[in-house]
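>>> predicted structure and sequence below. I'll ask about it afterward.
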Amino acid sequence: MSDIRNALKELSSVHNKYQIHGHYLASHAVRANWSSELPRSSELDILYNEYDPVGVRIETGLTPLKMFEANLLEKAQLGYRWINVGGEVELNSEWPQQRLIIMDDVGGGKPIIADTDVESTPVLASYDAVEPFLIADSLADFILALARLVDIVYGEFNIFDLSDDESVSGAFLTRLNDEISPILGQDNIARFVDYFYG
């Protein structure tokens, strides 16, 4: 299992290397500013205290993803934790309250979700109203895998040439699997790749 601080340091490093949109900010303000209506974990505290992703948007080759900064997390939960019922926003009784949306694609509907009541904060993903599925056993593993994905997409392949109208480049998928499989494991890498490129 990866160390959360080392994983965040690597993500920040590749972010700076490729001059990706947005930046990471050490705010150390989670305790004071976190909404009491949102779940937390020690890993999320480290992320948002030391690397709050301000305006971070990452190109994956298919769809850009945004990381939610701490002050936008509450809004990011609309449609998941809270739903609009007859013009009123209500708590969604079907949404597990320990889950927190931390990323989504720019258009919405492809949430990446931290599960805060399990040690190490596993990460799930979903799309097209599919039941969320596990993509990383810990937030640290997810962040490290994301850092490696970014490095491969931006550094080894032309971002917008990863796929044609029919499929994603086999060379890219092989490289991604070789690099990230040791971090996530075989089951998670298959679901991780399905989320990003399926």
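Ah, there it is. These figures come from a predicted structure and were not determined experimentally.

>>> quick one: mean pLDDT over the lengthiest helix in the chain.
If you go by DSSP state H, the chain has its longest helix at helix 139-155. The pLDDT scores in helix 139-155 average 96.

>>> what of stretch 93-107?
95.

>>> about what we covered before: list the buried residues of the longest helix of the chain.
139-154 (16 or more other C-beta atoms under 10 Å). Where you see a C-beta, it was placed from the backbone N, CA and C, and this is true even at glycine.

>>> kindly report the same for stretch 25-44.
For stretch 25-44, using 16+ other C-beta under 10 Å, the buried residues are 25, 27, 30, 34, 38-41, 43-44.

>>> in the residues you listed, find the pair that's most separated.
Distance extremes for the buried residues of stretch 25-44: the farthest pair is 25 and 39 at 21.8 Å, using C-beta to C-beta.

>>> distance of residue 157 relative to residue 90?
44 Å (C-beta to C-beta, to the nearest Å).

>>> ignore what I typed, I meant residue 184.
35 Å.

>>> with residue 43 instead?
For residue 43, the distance to residue 90 - C-beta to C-beta - is 29 Å.

>>> the top strand by length along the chain to helix 139-155, inter-axis angle?
Criterion DSSP state E: the longest strand present in the chain is strand 99-105. If you take axes from the mean of the first three to the mean of the last three C-alpha atoms, to 10 degrees, strand 99-105 sits at 0 degrees to helix 139-155.
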